[in-house]
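Need a 3D model of the following:
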Amino acid sequence: MSITIIHENEYSKAYFDTELKAGIIDWKNKKLTEEEYRRPLEALIEYSNGKKIFENYLSDIRLQSVVSPNSRKWFESIMIPAAIKNGLKRGAVIITKNPFKKHYMNMIISSSKKFPIKIKVFDDPEKAKEWLMSFQ
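Here you go, the predicted model:
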């Protein structure tokens with residue numbers, strides 16, 4: 001497995017995993033500003049720009065703080081289309097049973113139906129990785 005760290009700070013770690021063909025973000029337990037929410041996502045897009053290397057996206061939001069409605073709308077209207085343009089086909093998200101996280105993910109999944117992308121939610125990181133690997 002080969003991993004390239006693209007962005008890391010006290011809020012998140014974004015990296016590329018060649019085996020999974022995935023851009024991955026592990027969110028840390030810190031309250032996020034809109035800028036801190038966007039930074040790792042934009043770093044993944046910049047890293048993949050024109051390369052079409054990210055077929056998969058894996059986001060571990062178990063420790064992520066509440067995401068503002070503005071940030072969610074930005075993700076839906078800007079990030080998803082940019083990622084698809086760069087080759088993204090599917091996304092796996094690891095969540096907890098927290099009702100706020102479930103609501104956030106339901107909103108993302110609902111808005112993503114207009115795009116040619118599959119998004120699936122998991123509570124186990126290994127199951128999420130297995131699902132992404134099943135497409136190779």
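
Would you confirm that residue 135 contacts residue 56?
Yes. The pair residue 135 and residue 56 qualifies as a contact (CB atoms under 8 Å) at a distance of 7.4 Å. Where you see a C-beta, it was placed from the backbone N, CA and C, and this is true even at glycine.

So between those two, which is more surrounded?
residue 56 (24 against 12; other CB atoms under 10 Å).

Which residue, neighbours along the chain excluded, lies closest to that one?
Nearest residue to residue 56, sequence neighbours excluded (CB to CB, 6 or more residues apart in numbering): residue 22, at 3.8 Å.

same deal with residue 47?
Excluding the flanking residues, the one nearest residue 47 by CB to CB, 6+ apart is residue 6, at 4.8 Å.

And the strand or helix carrying that neighbour, what's buried?
In the assignment (DSSP states H and E), residue 6 maps to strand 3-8. By neighbour count on 16 or more other CB atoms under 10 Å, the buried set for strand 3-8 is 6, 7.

again with stretch 89-98
89, 90, 91, 92, 93, 94, 95.

Does the last one touch residue 67 like I think?
No. No contact is recorded between residue 95 and residue 67 when judged using CB under 8 Å, the distance being 11.9 Å.

what's the spacing between the residue nearest to residue 47 and residue 70?
24 Å (CB to CB, to the nearest Å).
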